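[1] below is the sequence, then the predicted model.
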Amino acid sequence: MASRHLSRSIVLQSLYEWDFYNKKPALKDIVERNIKDFGPGLEELGFIWQLIEGVEKHMPELDTIIEKAAPEWPIAQIAMIDRNVLRIGLLELLYSDKKEVPPKVAINEAIELAKTFAGPVSGKFINGVLGTVYKQLGGAEEPDSKEENK
């Protein structure tokens, strides 16, 4: 597993646990434990912390964007895994350096996380929401996602 994909997986697992336990214990403690358990020897720890801090800082804004892109799904009704995958994907889509993480990569990585941790239906949902946001940002065409080819 590539180190960035593993880092995203650790971020997702940490956000899921934090969300599941109503944002307790501290997210930092959960992340540190998950890095030790799932990412021993992982060299790009800065990427994990960049994602964690970004999601935590921008969560209200990310949730508002999710609700606008999927109006039939209030944030509390979206499956916890899907909700956190969307937060990570949106963070990368909106705030990452596009040369470092192109929009299509951010979307495809989110779809892969959803398919790994939640299942194929979640992948389609994630693709739909992130694709909608991508188009609203001025993406000229639908992202060339792996989901469309399956």
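    Done, it's in.
[2] least confident secondary structure element in the protein?
    Least confident helix or strand, the chain: helix 120-136 with a mean of 93, by mean pLDDT, DSSP states H and E.
[3] so which elements touch that helix?
    helix 45-69, helix 80-95, helix 103-117 (3 or more C-beta pairs under 8 Å, 6 or more residues apart in numbering; DSSP states H and E). To be clear about C-beta, it is placed using only N, CA and C from the backbone, and glycine gets the same treatment.
[4] for that helix, buried residues please.
    122, 123, 124, 125, 126, 127, 129, 130, 131, 132, 133, 134 (16 or more other C-beta atoms under 10 Å).
[5] what about it, distance to the chain center?
    11 Å (C-alpha atoms, centre = their mean, to the nearest Å).
[6] send the alpha carbons of that helix over as PDB?
    Output of helix 120-136 as PDB, limited to C-alpha atoms (Å, rounded to 0.1, in the frame of the first residue of the first chain):
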ATOM      1  CA  PRO A 120     -19.200  -0.500  -3.500                       C
ATOM      2  CA  VAL A 121     -22.400   1.500  -3.000                       C
ATOM      3  CA  SER A 122     -20.500   4.000  -0.800                       C
ATOM      4  CA  GLY A 123     -18.000   4.400  -3.600                       C
ATOM      5  CA  LYS A 124     -20.800   5.500  -5.900                       C
ATOM      6  CA  PHE A 125     -22.200   7.900  -3.300                       C
ATOM      7  CA  ILE A 126     -18.800   9.400  -2.700                       C
ATOM      8  CA  ASN A 127     -18.100   9.700  -6.400                       C
ATOM      9  CA  GLY A 128     -21.500  11.500  -6.900                       C
ATOM     10  CA  VAL A 129     -21.000  14.000  -4.100                       C
ATOM     11  CA  LEU A 130     -17.300  14.800  -4.900                       C
ATOM     12  CA  GLY A 131     -18.100  14.900  -8.600                       C
ATOM     13  CA  THR A 132     -20.800  17.400  -8.000                       C
ATOM     14  CA  VAL A 133     -18.500  19.600  -6.000                       C
ATOM     15  CA  TYR A 134     -15.700  19.300  -8.600                       C
ATOM     16  CA  LYS A 135     -18.100  20.400 -11.300                       C
ATOM     17  CA  GLN A 136     -19.300  23.400  -9.200                       C
END
